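Trainee: Need a 3D model of the following:
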Amino acid sequence: MKFFRYFFIFIWRIWFYAWFLLSIIPVFPVLIIVTSSEKMYPAFFKIARAWAKTILFVMGFKIVLEEEQVLKKEKSFMFCPNHTSMIDVFVMLAITKNPFVFVGKVELTKIPIFGFFYKRTCIIVDRSNSKSRIAVFEEARLRLSNGIDICIFPEGLVPSDENVVLNEFKNGAFRLAVEYQIPIVPITMYDCKKLFSYTFFSGSPGKLRVKIHSFIKTEGLTLKDSNSLKNQTFNVIYNELISDMEQQKINT
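Mentor: Predicted coordinates for the structure are as follows:
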């Protein structure tokens, strides 16, 4: 039985990487055009969103979304989801219609084909380079001034320890939110790690539960408040994950 399970997972994972890369090729010329100008980013976002939803569908994933507060395009937002899997990006694209831009690590620019467009559309940060970290703030300011939301995974990286529920948050997202007086949107992803972790022979199709929590206001806050804002956001997501883990134990 183990052999057949591992064989299925192997084929399923190859299926993902094939869709991930090869599905970009047919629309390559269109992507070149819509990533050539900042003004065309909303058009690119629609394509990226359709692409993400397609990949989740062909992989057998179904998003189950709970919204404590509904996103409306009346102001800019700072999305802050937990980070456990490479499909977190696809889930984020699928759950919001508001155009947003990811702040992502420079290593992803090395992925063939995908990395080319990733570099043209995302805000890239090299955490080993202090100048790069400063440049991120400048680029984020530009995007926010154009009405584009920002998505930052505040943990920075996916936790390397499988037993870590939630890594300590970085400061960047919260400093930006305070500076621009935009709401923080905490987002909890419960199942991405279980159903599609970075361990190759693991995972399965299934439901991906996601919760958009009530927004955390930043009006009237100053940079001195960014640390408490960070801790407040961390606690919302952490307590939600712990509560869900305890509920899962009760149900099994």
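Trainee: CA only for contacts and neighbour counts going forward, please
Mentor: Noted.
Trainee: Residue 222 - nearest residue in space that isn't next to it in sequence?
Mentor: Once flanking residues are discounted, residue 222 sits nearest to residue 178: 6.1 Å by C-alpha to C-alpha, 6 or more residues apart in numbering.
Trainee: Please apply the same query to residue 240.
Mentor: Residue 240's closest residue in space is residue 188 (C-alpha to C-alpha, 6+ apart), at 7.3 Å.
Trainee: Where does pLDDT dip in the stretch 101-250 of the chain?
Mentor: Across the stretch 101-250 of the chain, residues meeting the criterion (pLDDT under 70) sit at 127-130, 132-133, 160-161.
Trainee: where along it do the helices fall?
Mentor: Assigned by DSSP state H, counting those that start in this stretch, the stretch 101-250 of the chain shows helices spanning 114-121, 130-145, 172-180, 192-195, 226-251.
Trainee: In terms of helix, strand or coil, where does the nearest residue to residue 147 once chain neighbours are set aside fall?
Mentor: Once flanking residues are discounted, residue 147 sits nearest to residue 76: 6.2 Å by C-alpha to C-alpha, 6+ apart. Assigned by DSSP: H, G, I helix; E, B strand; the rest coil, the conformation of residue 76 is coil.
Trainee: Residue 76: neighbouring residues, count only.
Mentor: Residues near residue 76, counting by other C-alpha atoms under 10 Å, number 24.
Trainee: wait, it sits on residue 144?
Mentor: Yes - the pair residue 76 / residue 144 is scored as a contact, 6.9 Å apart, by C-alpha atoms under 8 Å.
Trainee: Tell me which stretches of the protein form strands.
Mentor: Counting by DSSP state E, the segments of the chain that form strands are 61-67, 78-81, 100-105, 123-125, 149-152, 184-189, 206-212.
Trainee: Which of these sits closest to residue 3?
Mentor: strand 206-212 (21.0 Å; C-alpha to C-alpha).
Trainee: Name the residues that touch that closest one?
Mentor: The contact list for strand 206-212, computed with C-alpha atoms under 8 Å, 6 or more residues apart in numbering, reads 60-69, 185-192, 195.
Trainee: now that strand: how far from the chain's centre is it?
Mentor: Its chain's C-alpha centre and that of strand 206-212 lie 13 Å apart, by C-alpha atoms, centre = their mean, to the nearest Å.
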